[in-house]
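K.L.:
All I have is the shape, not the residue letters:
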């Protein structure tokens, strides 16, 4: 795995070096999961056995192994668990010239079947968005627009969605829609006043369903 990822990184670096370009950046990132098994149980995983020995610009964390337990705990305990996982990944990152945080949330979500209430689903997603921004993740990617998972026992959609199987936009859809609208306006106003865009954490206080 180390050799394979080092070869991928070399291919991307060679392409950047030999391809004339301007106004665009191309980055290499590695996706990981099972961080809790490595961090809490000391078991081998990409995060502790591969990541420290390769070259990568960013790391994408498919984060269900920590978000599910963090949501069960909730509050400051959940936030602490979430931050510990991100800190652990960051600690294992190889050096880079890129400034700032390099761990992004590549996948997260909450099923409707697990919480049963669409408003509670939106509330938990807002909390995870807020924690991710507070920590400084450069990207936070939600799973997913429509649900492609069926519970084999009930034969119903598990509810990883923004729009349900009837085509109805859920509260979590409106959460993202309203956040994007408000964030774009806020960034524009802030940039006009200060001459530069704001930091990520400044948007957190007004995030909510």
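P.N.:
Noted; the coordinates are in hand. None of the values given here were measured: they were computed from a predicted structure.

K.L.:
distance of the spatially closest residue to residue 163 that is not a sequence neighbour from residue 137?
P.N.:
Spatially, and ignoring its direct neighbours in sequence, residue 163 is nearest to residue 169 (5.4 Å; CB to CB, 6 or more residues apart in numbering). Just so you know, the C-beta spots here come from the backbone N, C-alpha and C atoms, and that holds for glycine as well. In this view, residue 169 and residue 137 are 25 Å apart by CB to CB, to the nearest Å.

K.L.:
quick one, which of these two is more surrounded?
P.N.:
When neighbours are counted by other CB atoms under 10 Å, residue 169 and residue 137 differ, and residue 137 comes out ahead with 22 against 12.

K.L.:
Would you map the helices across this structure?
P.N.:
Using DSSP state H, the helices found in the chain span residues 2-18, 35-41, 64-73, 75-91, 112-115, 118-135, 171-194.

K.L.:
Does the third one pack against any helices or strands, and if so which?
P.N.:
Contact analysis of helix 64-73 by 3 or more CB pairs under 8 Å, 6 or more residues apart in numbering; DSSP states H and E lists helix 35-41, helix 75-91, strand 103-108, helix 118-135 as its packing neighbours.

K.L.:
Rebuild the ones you listed as a markdown table, extending it with mean pLDDT and mean neighbour count.
P.N.:
Shown next, in a markdown table, are those (pLDDT from 0 to 100; neighbours: other CB atoms under 10 Å):
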| stretch | mean pLDDT | mean neighbour count |
| --- | --- | --- |
| helix 35-41 | 94 | 18 |
| helix 75-91 | 96 | 16 |
| strand 103-108 | 97 | 22 |
| helix 118-135 | 94 | 20 |
